[in-house]
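>>> With the input below, show me the fold.
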Amino acid sequence: MEIGGGNDFHIEPIRNWGDRPIRNLHALWDFGCGEFLPLVRPLSSNSNATIETLAVSIMREYPRKSLVQISRAQAILWANEGSFYAKKVVYNLRENTKPTDEYLRKGRALCRQRAAYAGYRLADLLNRVLAD
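Sure, this is the predicted structure:
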């Protein structure tokens, strides 16, 4: 399977996730398959609470200890993880169709995991940079 850009992979529009319909795979995954819906900006105290609740929930589901450690020299493995999930999960639907509820459920779970791991990895990187 050749993986191209998700902007060119069209899906049936999803109309209830913001002010514009979601029409391609890239946008679908930007929204975390429905897990990370847009909030009105500037953020209100309710929006901040929504973000905090989501972050705590994700960290509880995917605690730091669940992350397999990868050294700086192996950082290319992070990119390989993304490629693996693109092939296994992201592009596991037919173009110009509506994503199934099962596809979206698996996508939301994957987005939660990847967001947690990205946060832990970014924190590690910042701690290393700031410690030098």
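>>> contacts and neighbour counts: CA atoms only from here.
Fine.
>>> Doesn't residue 85 belong to a strand?
No: counting by DSSP: H, G, I helix; E, B strand; the rest coil, residue 85 is not found in a strand; it is helix.
>>> Pull the number of nearby residues for it.
14 (other Cα atoms under 10 Å).
>>> any idea how far residue 35 is from residue 131?
From residue 131 across to residue 35, the span is 34 Å (Cα to Cα, to the nearest Å).
>>> more neighbours, those two?
Each of residue 131 and residue 35 has its neighbours counted (other Cα under 10 Å); residue 35 has more, 17 against 7.
>>> Distance from the helix or strand bottoming out on mean pLDDT in the chain to the middle of the chain?
Least confident helix or strand of the chain, by mean pLDDT, DSSP states H and E, is helix 76-85 with a mean of 86. The chain centroid and the centroid of helix 76-85 are separated by 13 Å under Cα atoms, centre = their mean, to the nearest Å.
>>> and after it, which helix or strand comes next?
Next in sequence after helix 76-85, counting helices and strands by DSSP states H and E, comes helix 101-131.
>>> Could you figure out how far that next one is turned away from helix 76-85?
On the basis of axes from the mean of the first three to the mean of the last three Cα atoms, to 10 degrees, helix 101-131 is oriented at 170 degrees to helix 76-85.
>>> Show me what helix 101-131 is packed against.
Identification of packing neighbours for helix 101-131 by 3 or more Cα pairs under 8 Å, 6 or more residues apart in numbering; DSSP states H and E yields helix 45-61.
>>> which parts of the helix it packs on are buried?
By neighbour count on 16 or more other Cα atoms under 10 Å, the buried set for helix 45-61 is 58, 59.
>>> now stretch 88-99
90, 91, 99.
>>> coming back round to it: tell me which residues of the least confident helix or strand of the chain come out buried.
Buried residues in helix 76-85 (16+ other Cα under 10 Å): none.
>>> what does stretch 31-38 give?
Under 16+ other Cα under 10 Å, the buried positions of stretch 31-38 are 31, 32, 33, 34, 35, 36.
>>> pLDDT weak spots in the protein?
Scanning the chain with the threshold set as pLDDT under 70 gives 1-4, 69-74.
>>> Please tell me how far the residue nearest the centre of it sits from residue 39.
The C-alpha lying nearest the average C-alpha coordinate of the chain belongs to residue 111 (Cα atoms, centre = their mean; 3.4 Å). Computed as Cα to Cα, the residue 111 to residue 39 distance reads 18 Å.
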